[in-house]
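Peer 1: Give me a 3D structure for the following:
(one chain, ligands or ions: 1)
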Amino acid sequence: MGNKDSSLFEVGLSSVVGGILMITFGATTGGIGFCGLGGLSCLYHFLEKHNSKFDKLMKNIGIINKDERLPKLKEKQNTNFGYRLIFDLPHGINSDDFKRKQLSIEEFLNNKVNIKYINKCIYIDVYEKDLELHPYQFYKNNNLEIAIGHSMSGLEKINIKKAPHILIAGETGSGKSTLLRGIITNLILNKNTELHLIDLKNGAEFNVFRKSKYVKSFSRTIEESEKILNKLLIEVDERYDKFFENDCVDIEEYNKISKSKMKYKVLIIDEFADLQNEKDSIKILESLASKSRASGIHLIIATQRPDAKVLNGRIKANVPCVIGLKTMNEINSRIIIDRSGLEKLKGRGHGIYKDIEFQSMNLSVSKARDLIKHTYIKKKVEKLEEKSNGELPNDFNLGDLYDN
Ligand SMILES: Nc1ncnc2c1ncn2[C@@H]1O[C@H](COP(=O)(O)OP(=O)(O)OP(=O)(O)O)[C@@H](O)[C@H]1O
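Peer 2: Presented below is the predicted three-dimensional model:
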């Protein structure tokens, strides 16, 4: 839609508003009435012209109801990202019909779009501008909300109490580690969760967080991971027993009535696909995902190998909150978000969450260290290493690793 069209629309709209205002203030002269009518006519022509344009599109892509009625353009609004089209929906057409045809609509408008259903209308946000890069900014809250980045509408957040588990998937270079780094830094700075980190890339990615007092366990190997997964699974059962004894349904209710509050725990796994080869570990992870949702124990799992075997039905069914980053091809995009689109992203933190494109915040390892180093403490493992000149004792086990 060109500028000429928009200005015609605006002239029409402002004339109508002007006309109405004047009439309201009692200036009902012929000239003023003419001005209002002129505006109405401009607006009418704008909608007519564009409706015939969109009628053609809707007919071509098959968004038409049984009575051959088409969605009608009701309004066009200019926005800071481009413009928004608002359509009235005829009976029998819904937002899924539009979402299925998103690609055709994007091709027709020559821009990316986001489609939403609000108050019986379809809103199509048309993005004429690119998402900007943003440096990391701490998002302070007491609500277990995680900021994942900026979309055209502002900061995108996920409340893990509601989510309650998150999957992050994208190929190498898509920005997975940077996004996880931002999420963990935010959780540490908000001080209201106990973190358990599993870094199967040899601990390199999460090492910067290891000494934080909010990180209660740090696993680098399958064996260590399996112990933590088991420990958390047992804790989930113990928590549900306590809920049962106290007639509560979840941690929120329990914490309201109980003097000893349960802590929210978040288990974060980078490259959980590596657990796939270990039948026991992946089974425990799947059980944890299916059982722990009300217990206040949440999972954030990431992978750069989005094949159907890794993201199997059980994982996807229990971790429905998915952040998709760039993939190599459409097939991988479909495995992750059940539709194409990830293959077209730019990488470096450009992602899709709930059909909305966002850009994650950039956070380097050294900046993350600066932000959280005030939470560093000396942990048992370092004290043990000091005592034994760097060698860990033979009877050392993971349970001894961290001070509680
Ligand atoms: N939000 C962002 N803004 C700007 N640059 C980013 C952002 N996220 C990631 N990058 C850059 O993109 C590159 C890849 O990022 P990152 O290492 O996080 O990806 P990855 O998916 O974890 O890749 P790998 O698995 O190979 O480590 C890095 O150079 C990083 O600095």
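Peer 1: can you give me the helices in the stretch 251-400 of the chain?
Peer 2: Assigned helices in the stretch 251-400 of the chain, in chain order: 251-257, 279-291, 313-318, 330-337, 365-372, 380-387 (criterion: DSSP state H, counting those that start in this stretch).
Peer 1: Flag every residue of the stretch 151-300 of the chain that's near the ligand.
Peer 2: By CB under 6 Å from any ligand atom, the part of the stretch 151-300 of the chain that sits against the ligand consists of Gly170, Thr172, Gly173, Ser174, Gly175, Lys176, Ser177, Thr178. Where C-beta positions appear, they are placed from N, C-alpha and C, glycine not excepted.
Peer 1: For Asn141, see how far away the third one is.
Peer 2: Taking CB to CB, to the nearest Å as the criterion, Gly173 is separated from Asn141 by 30 Å.
Peer 1: same deal with the fourth one?
Peer 2: Separation of Ser174 from Asn141 (CB to CB) stands at 26 Å.
Peer 1: From the ligand, how far out is Arg334?
Peer 2: Distance of Arg334 to the ligand, computed by CB to the nearest ligand atom, to the nearest Å: 19 Å.
Peer 1: Please apply the same query to Ile315.
Peer 2: Going from Ile315 to the ligand by CB to the nearest ligand atom gives 19 Å.
Peer 1: Is that residue in contact with Ala289, as I believe?
Peer 2: Yes: using CB atoms under 8 Å, Ile315 is in contact with Ala289, at 6.6 Å.
Peer 1: Flag the shaky bits of the stretch 301-404 of the chain, pLDDT-wise.
Peer 2: Filtered on pLDDT under 70, the stretch 301-404 of the chain yields the residue ranges 380-404.
Peer 1: Get me the contact residues on it for the ligand.
Peer 2: Proximity of the stretch 301-404 of the chain to the ligand, by CB under 6 Å from any ligand atom, involves residues Gln304, Arg348, Gly349, Ser360, Met361, Asn362.
Peer 1: got the contact list for the second one?
Peer 2: Looking back up the chat, that one is Arg348. By CB atoms under 8 Å, 6 or more residues apart in numbering, the contact list for Arg348 reads Gly173, Ser174, Gly175, Thr178.
Peer 1: redo that, cut-off 10 Å
Peer 2: Leu133, Gly173, Ser174, Gly175, Thr178, Leu325, Lys326, Gln359, Ser360, Asn362 (CB atoms under 10 Å, 6 or more residues apart in numbering).
Peer 1: quick one: pLDDT of the spatially closest residue to the last one that is not a sequence neighbour?
Peer 2: Nearest-residue entry for Asn362: Pro135, 5.5 Å, with adjacent residues in sequence omitted and distances by CB to CB, 6 or more residues apart in numbering. With respect to pLDDT, Pro135 has a value of 93.
Peer 1: dump the residue contacts of the residue of the chain found nearest the ligand.
Peer 2: As assessed by CB to the nearest ligand atom, the ligand sits closest to Gly349 within the chain, at 2.8 Å. For Gly349, the contacting residues are 131, 133-134, 148-149, 170, 174-176, 178-179, 182, 325-326, 358-363, by CB under 10 Å, 6+ apart.
Peer 1: From those residues, list just the buried residues.
Peer 2: Neighbour counting by 16 or more other CB atoms under 10 Å classes 131, 148-149, 170, 174-176, 178-179, 182, 325-326, 358-363 among those as buried.
Peer 1: Among these, name the ones in strands.
Peer 2: Within those, residues falling in strands by DSSP state E are Ile148, Gly149, Phe358, Gln359, Met361, Asn362.
Peer 1: okay, the residues you listed in CSV with distance to Asn186 next?
Peer 2: Shown next, in CSV, are these (distance: CB to CB, whole Å):
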residue, distance to Asn186
Ile148, 10
Gly149, 12
Phe358, 15
Gln359, 16
Met361, 9
Asn362, 14
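Peer 1: Look at Glu224 and tell me its secondary structure.
Peer 2: Applying DSSP: H, G, I helix; E, B strand; the rest coil to Glu224 yields a three-state assignment of helix.
Peer 1: any idea how far Ser177 is from it?
Peer 2: Glu224 is 20 Å from Ser177, where distance means CB to CB.
Peer 1: Neighbour count for the two, which is higher?
Peer 2: Ser177 (22 against 18; other CB atoms under 10 Å).
Peer 1: Mind pulling the model confidence for the more buried one?
Peer 2: Looking at Ser177, the pLDDT reads 94.
Peer 1: of all the ones in strands among the buried ones among the contacts of Gly349, which comes closest to Leu109?
Peer 2: Phe358 (20.4 Å; CB to CB).
Peer 1: The closest one bridge partners, please.
Peer 2: Beta-bridge pairing of Phe358 under DSSP bridges involves Gly351.
Peer 1: OK, contacts around it?
Peer 2: Shown in contact with Phe358 (CB under 10 Å, 6+ apart): 131, 134, 147-156, 179, 323, 349-352.
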